[in-house]
Structures are given as structure tokens and as C-alpha cells.
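Trainee: model this:
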Amino acid sequence: MASTPRRPSRVAKLPPRERILDAAEELFQREGIRQVGVQAIADKAETTKMAIYRHFETKDALVAEWLRIVASDYRAAFDRVETEYPDRPEEQILGLARFIAEGLPAISYRGCPFINSLAELPDRLHPARQVIEEHKAYQTRRLIGMCIEAQMSDPEQAAAEITFVLEGAQVSTQNGSIDQTGDRLMRMVEGIVDRHRSHLGAQRAAN
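Mentor: Got it, this is the predicted structure:
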């Protein structure tokens, strides 16, 4: 599950490390990781390659740190919906779906940073790829936890279905194959939640 990262706008007086990350984000999103060299990042950040290497040992380390920042936005989304809808796990799930749906227009322009990065980083040992895989595992655990709290009939299956819908909507938005992806996404997630709730009710009635 992913969406366009919501980092602050570029500001000339950012500290050097933040300025480097800000420049790297813009270039990676626009041109791709492989196409962007350290010198291009240095030029964009109005600094030097030497300064970049003082903050990041390698370009790979810079890519990994950028993706950690992206991942932190999604972790914050989990925290936010739990705060907004205390003890209402079904509303929390729909809140997450809404977060993804609202980010889809930006994805149509730049694409999902996780999907784009995975396509460019086939080596599973690459530190940035490991950041993505750890983040996806974390998201799955949190979503399963919400499904358990909602007392769904099969929490792992429900979480898998929701994940397929959320990530599929992002890919479809990126390649332009489906229209009205945000509205369709919300209806599908609502349907999954209702179906698993109905199955649980049927099981209880049978017992």
C-alpha cells in the first residue's frame, strides 16, 4: 500500500541533510533512481558530492533513507486513523482506504514510489528494497490487527483482500487502465468489510 509521500515543500534554508533528501526525492520521483547520479542531487540541493557523502555513505544509503521517510507517512496514517476512530476498527480500515484513495491523483502523475523503486531494484539485498519489504510486512501486521479487532471471520484473508485492492488501485491509477479508481476502491473495501462481518454473523448464528 502506498501513496505519494507528503514531504515538506523545498525551502532554501533547509538544513543540509534535509536539503539533500528533498532534492533526491524530487529527482528520484521524476527521473527514477538509476537515472539520477549523486552529482545531479548535489546540484539540485546546491551542495557538493563530498557534502552528500558526509551525510550518506553511499547513494544506496540515500535511497534507503528517502524510502524510510516515505514509509513513515504510511505508518503515521495508521496512527492517525486509530486516534480518529478509537475502538472503531472498521472505521479505521475505511480511513486507511480513504488515505490511499485521496493520494491516487498524485500517483497518476508520478507513480507509487514503492512500486517504482522495486522495479528498479531487483536485488533483494539492496538496502532500499529491504526498507520496502520491512515496511510492507509492518503494514500487513497492522492491518491484520485491525481486522482482528473488528472480529472479522478470517482476519488474515480480509487483510489480504484489502491489500490487493489498495495496491491494485495504485497500479491501475499509475497505468491508467481503470477510471474512478478512488471511488471504486472505497466501494470494494467497504464490500470486503461487510462480507467478512456477514460471515462472522452467520457463523455465530450457526453456533
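
Trainee: give the contact list for residue 124.
Mentor: Neighbour list for residue 124: 130, 133 [criterion: C-beta atoms under 8 Å, 6 or more residues apart in numbering]. Yep, even glycine has a C-beta here, placed from its N, CA and C like the rest.

Trainee: ignore the last one, residue 77
Mentor: Residue 77 sits next to 95-96, 99 when contact means C-beta under 8 Å, 6+ apart.

Trainee: show me which of the residues you listed are buried.
Mentor: 95-96, 99 (16 or more other C-beta atoms under 10 Å).

Trainee: would you turn the residues you listed into TSV with secondary structure and distance to residue 141?
Mentor: Below are the buried ones among the contacts of residue 77 laid out as TSV (DSSP: H, G, I helix; E, B strand; the rest coil; distance: C-beta to C-beta, whole Å):
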residue	secondary structure	distance to residue 141
95	helix	17
96	helix	13
99	helix	18
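
Trainee: please name the nearest non-neighbouring residue to residue 99.
Mentor: Using C-beta to C-beta, 6 or more residues apart in numbering and skipping the chain neighbours, the partner closest in space to residue 99 is residue 77 (4.6 Å).

Trainee: any idea which element the one you found lies in?
Mentor: For residue 77, the host element (DSSP states H and E) is helix 59-84.

Trainee: just residue 29 next, same as before
Mentor: Using DSSP H and E, the element containing residue 29 is helix 16-31.

Trainee: could you give the angle of that helix to helix 59-84?
Mentor: 90 degrees (axes from the mean of the first three to the mean of the last three C-alpha atoms, to 10 degrees).

Trainee: buried residues, helix 16-31. List them.
Mentor: For helix 16-31, by 16+ other C-beta under 10 Å, it's 17-29.

Trainee: pLDDT wise, what is residue 110 at?
Mentor: Per-residue pLDDT puts residue 110 at 74.

Trainee: same question for residue 188.
Mentor: Value listed for residue 188 in the pLDDT field: 97.

Trainee: does residue 114 sit in a helix, a strand or a coil?
Mentor: At residue 114 the chain is in helix, as set by DSSP: H, G, I helix; E, B strand; the rest coil.

Trainee: ugh, wrong one, residue 117
Mentor: Classified using three-state DSSP, residue 117 is helix.

Trainee: shaky segments in this structure?
Mentor: 1-14, 108-109, 198-207 (pLDDT under 70).

Trainee: let's go with 50 and repeat that
Mentor: Applying pLDDT under 50 to the chain flags residues 2-11, 205, 207.

Trainee: can you list phi and psi of residue 179 for me?
Mentor: As for residue 179, its main-chain torsions (degrees, to the nearest 10) stand at phi -100, psi 170.

Trainee: hang on, I meant residue 46
Mentor: Main-chain torsions, residue 46, degrees, to the nearest 10: phi 60, psi 50.

Trainee: look up the closest residue to it, ignoring the ones flanking it.
Mentor: residue 19 (7.2 Å).

Trainee: residue 49 versus residue 156, what's the distance?
Mentor: 47 Å (C-beta to C-beta, to the nearest Å).
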